[in-house]
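1. Structure of the sequence below:
(one chain, ligands or ions: 1)
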Amino acid sequence: MNEQQNQMLANFRVEVPSWGFSRSGTRFHAFAIPGEARTLSERIADAGLVQQLTGAVSAVALHIPWDETSDYQALKEQVEETGLQVGAINPNLFQEELYRFGSLASSDPAARELAVSHCLECVEIMRLTESKGLSIWLPDGSNYPGQMDFAAAFGRMVESLQAIYEGMDDDQTMLIEYKFFEPAFYHTVLSDWGTAVLAAQEVGPNAKILVDLGHHPMGTNIEAIVALVSKFGRLGGFHFNARKYADDDLTTGSLNPYELFLIFVELNKFYDLSQQPGEICLVLDQSHNVKCKVEATVQSVTNLQLMYAKSLLVDYDKLRAAQEAQDVVACEEILKGAFDTDTRPWLQEIKRQQGLPEEPLQYFRTSGLKERRIEARR
Ligand SMILES: [Mn+2]
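-> Residues are numbered from 1 along each chain as shown. All right, here's what the predicted structure looks like:
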């Protein structure tokens, strides 16, 4: 690898979610994991710990009201003390009685008003914390044929998004996250990337779409979506996780690292991902129900670094030439060659230079950090 690739890997950063550090994230029992964060302060501290261990965290994404506090200035300072910034702010549009039949797309004006005003409150929190991304996911949809007028529901959602966008500043981005099913099962108002792009186009230039890896039907070619949406300037960010069946929120890179690599290959054609925070917001969205949450987050960050490193090794000129020559085998071999390269020694060398633990997971387990955390939070 050359010096430029080295710099790019060394500068690569991702956002970690506060909700990944405390007990949450399953409709079944949420198990008590020793050492898990119990308060907002502990969630911030854990994000800082992952940064201390990996050096590859840029920010901590927050969820309102789960991370609600009376003093956002103090929260911002606490986040900055850990060497991080406040990342995307995620409004909650699924935990109010009024949302039984939807939030931003509800046919009930009171539900829509509540949802819009909550999002505007989140925009105010963004100003106080200097967060630049409002990350919106809505549960709206219907369970039975005839329950909802598809086009009318989409129109109501767009109107609500426009009202929120009106209240945002020019340097703030609205991130629109789609999901093809759940909690509604017959139809979802914001079901796929095309729907999300349509909505973003209706809302404004700073409305972009957010791709959550767990929010697609089986077999969907996510890297192709990434390329197309990037081409039209509407890609805003990612929620990284892994899935086997649906929205499983597993450790990213645990099940299909090749997919992650192929996504980075497409992203590299459009953006310099080593500039974080940058044009594309890279965020983990995971809930670890059986693993130690800090360890699972370290694994996720490391998997992203290793796959990003592999994507930097692709010879893009050679790939284009092989594509032009219709040499299918050569095209595939160029990608496979990069993917099969062991990027762990390279990453370790960078960590050595940065004064970071070469094996962050091992370091967390053997340095006493893990035991002390468990002890302090008993
Ligand atoms: Mn998500």
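2. Would you confirm that L40 contacts D71?
-> No - between L40 and D71 there is no contact under CB atoms under 8 Å: 10.9 Å. (Glycine included, C-beta is placed from N, CA and C.)
3. Among these two, which residue is more densely surrounded?
-> With neighbours defined as other CB atoms under 10 Å, L40 and D71 compare such that L40 has more, 17 against 10.
4. Spit out the contact partners of the more buried one.
-> Taking CB atoms under 8 Å, 6 or more residues apart in numbering as the criterion, L40 is in contact with S18, D67, T69, L75.
5. Can you tell me how far it is from E375?
-> Distance of L40 to E375, computed by CB to CB, to the nearest Å: 21 Å.
6. Then M307?
-> As for M307, its distance to E375 is 35 Å (criterion: CB to CB).
7. Now the one helix or strand Q7 maps to: buried residues?
-> Mapping Q7 onto the secondary structure by DSSP states H and E places it in helix 3-11. When neighbours are counted by 16 or more other CB atoms under 10 Å, the buried residues of helix 3-11 are found to be N6, M8, L9, A10, N11.
8. Give the next helix or strand downstream of that helix.
-> Secondary structure here is assigned by DSSP H and E; on that basis, the next helix or strand after helix 3-11 toward the C-terminus is strand 14-17.
9. And that following strand, what's buried?
-> For strand 14-17, burial by neighbour count (16+ other CB under 10 Å) applies to V14, E15, V16, P17.
10. How about stretch 225-236?
-> When neighbours are counted by 16+ other CB under 10 Å, the buried residues of stretch 225-236 are found to be I225, V226, A227, V229, S230, R234, L235, G236.
11. So it, near the ion or not?
-> No - Stretch 225-236 is not in contact with the ion by CB under 5 Å from the ion; minimum separation 12.7 Å.
12. Run through who's touching that stretch.
-> Residues outside stretch 225-236 that contact it (CB under 8 Å, 6+ apart): 133, 173-176, 193, 197, 200-201, 207-211, 263, 266-267, 269-271, 280-281.
13. From the opening residue of stretch 144-152 to its closing one, how far?
-> Distances were taken as CA to CA, to the nearest Å; on that basis the terminal residues of stretch 144-152 are 16 Å apart.
14. So which residues make contact with that stretch?
-> The list of residues contacting stretch 144-152 from outside it, by CB under 8 Å, 6+ apart, reads G102, S107, G141, S142, Y186, H187, V189.
15. Give me the distance between the closest residue to the ion within the stretch 51-200 of the chain and C292.
-> In the stretch 51-200 of the chain, the residue found nearest to the ion is E177; the distance is 5.5 Å by CB to the ion. From E177 across to C292, the span is 27 Å (CB to CB).
16. before we move on, what about A56?
-> Counting by CB to CB, the separation of A56 from C292 is 18 Å.
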